[in-house]
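>>> show me how the following folds:
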Amino acid sequence: MTSAALAAALADIDTVFNGFASPNEVGCARCHLPEEIAFLRTPYTRVPPDVLRRFVFEVSDHFDDHAASMRRLLPQAARAMADGSLDGVGWGTHGLSRVDWRSWPAEQANSIEAFVYAWWEDVLTTPEPPYPVHDVFETCATIIGTMTPLLDRWVPHPVADAHLPGCADEWLYHLVVDDSPLSWWYLDDEKAVVAELQSWLASHAPARLRAQGEPDLAMRAELLALPYDERWAHPYWASPSATN
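Numbers count the residues shown, from 1 in each chain. I've put the predicted structure just below:
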């Protein structure tokens, strides 16, 4: 069941972006059929799900006005993200991360930010969300351009804690060697991304992971607090669990 906050955020997206279109859009004729591109010029018309997916994850130079096209697609795309019907979440760069939506009128920018946070919080408190939690995290982080508010919202909660082992397992493989686990983060601050995730996991995850019956993941999270050479010299790596 959608949370009240997410339902309100979706309703606000519907209201704020109602009737938008990209009236002069010609698009990429190699990638999209003329009748598909026509949806971008036509407001108040539902876009077929497969066409919506391709537009949302399309590169920006395949549009004449990418920002206008994203505004056109937002009401339907946001609902598809929330209900799990937008194929591609976690498997490509979301169009909102390619546009400077924070420069849009405040009402529009605020509604996007509120939706992203509400979606993330809803996923954290849903026992079986439609997408892997680490995919939603990356999608939200790339859209808003920062991980900090997402991590701040990952407060202790039985369901949110149950999602932590899956994300930790996905991330630790990369973070232990100081690599970024985010495939679609194209900003210039990758080192800062790695450091922030390492710091958060080392500080906030171990106790919660042990409570979930994941002592090995907890130990690896604690190793992230150590300098690189000390991390690899730790006795943990000689233990049986480190070889599994």
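>>> now the helices for the chain?
Taking DSSP state H, the helices of the chain run over residues 4-16, 34-41, 49-56, 66-83, 106-124, 133-144, 148-152, 158-175, 190-204, 206-211, 215-223, 228-233.
>>> avg pLDDT for the first one?
Going back to what we said before, that points to helix 4-16. If you average the pLDDT over helix 4-16, you get 97.
>>> buried residues, it. List them.
6, 9-10, 12-13, 16 (16 or more other Cβ atoms under 10 Å). The C-beta positions use only the backbone N, C-alpha and C, and glycine is treated the same way.
>>> tell me the centre residue of this protein?
Nearest residue to the geometric centre of the chain (Cα atoms, centre = their mean): Thr139, 1.8 Å.
>>> which residues touch that residue?
81, 89-90, 94, 184 (Cβ atoms under 8 Å, 6 or more residues apart in numbering).
>>> again, but for Ser69
Ser69 touches 22, 25, 40, 55, 63, 95, counting by Cβ under 8 Å, 6+ apart.
>>> Throw the contacts of Thr139 into CSV and include pLDDT and neighbour count, thanks.
Shown next, in CSV, are the contacts of Thr139 (pLDDT from 0 to 100; neighbours: other Cβ atoms under 10 Å):
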residue, pLDDT, neighbour count
Met81, 97, 26
Val89, 90, 21
Gly90, 81, 16
His94, 93, 22
Trp184, 73, 16
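>>> surely Ala77 is in contact with Leu52?
Yes: using Cβ atoms under 8 Å, Ala77 is in contact with Leu52, at 6.2 Å.
>>> joint contacts of these two?
Common neighbours of Ala77 and Leu52 (Cβ under 8 Å, 6+ apart) are Leu86.
>>> returning to what we had before: which of the contacts of Thr139 sit farthest apart?
Met81 and Trp184 (14.7 Å; Cβ to Cβ).
>>> quote the end-to-end distance of stretch 171-184.
Taking Cα to Cα, to the nearest Å, stretch 171-184 runs 14 Å from one end to the other.
>>> what residues of it count as buried?
Residues of stretch 171-184 classed as buried: 171-172, 175-176, 181-182, 184 (neighbour count, 16+ other Cβ under 10 Å).
>>> what sits up against it?
92-94, 97, 134, 138-139, 141-142, 170, 190, 193-194, 197-198, 201, 217, 220-221, 223-224, 228, 231.
>>> what's around Arg53, how many residues?
20 (other Cβ atoms under 10 Å).
>>> kindly report the same for Asp50.
Neighbour count for Asp50, taken as other Cβ under 10 Å: 10.
>>> and Ala233, by the same measure?
11.
>>> tell me the buried residues in stretch 89-109?
Within stretch 89-109, the residues that count as buried by 16+ other Cβ under 10 Å are 89-90, 92-99, 101, 104, 108.
>>> in this protein, which segments are predicted with low confidence?
Along the chain, the model assigns pLDDT under 70 to residues 1, 186-188, 240-244.
>>> swap in 80 and give it another go.
Within the chain, the ranges that satisfy pLDDT under 80 run 1, 27-30, 184-189, 239-244.
>>> the closest residue to Arg210 other than its chain neighbours: neighbour count?
Closest residue in space to Arg210, ignoring its immediate chain neighbours: Ala218 at 4.7 Å, by Cβ to Cβ, 6 or more residues apart in numbering. Applying other Cβ under 10 Å, we find 22 residues neighbouring Ala218.
>>> next one: the one 4 residues further on
The burial metric for Glu222, expressed as a neighbour count using other Cβ under 10 Å, is 18.
>>> so who does it touch?
Counted by Cβ under 8 Å, 6+ apart, Glu222 has contacts 202, 206.
>>> give me the buried positions along stretch 106-121.
Buried residues in stretch 106-121 (16+ other Cβ under 10 Å): 108, 111-121.
>>> can you list those in a markdown table and add distance to Val159?
Shown next, in a markdown table, are these (distance: Cβ to Cβ, whole Å):
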| residue | distance to Val159 |
| --- | --- |
| Gln108 | 31 |
| Ser111 | 26 |
| Ile112 | 25 |
| Glu113 | 23 |
| Ala114 | 21 |
| Phe115 | 20 |
| Val116 | 19 |
| Tyr117 | 17 |
| Ala118 | 16 |
| Trp119 | 15 |
| Trp120 | 13 |
| Glu121 | 11 |
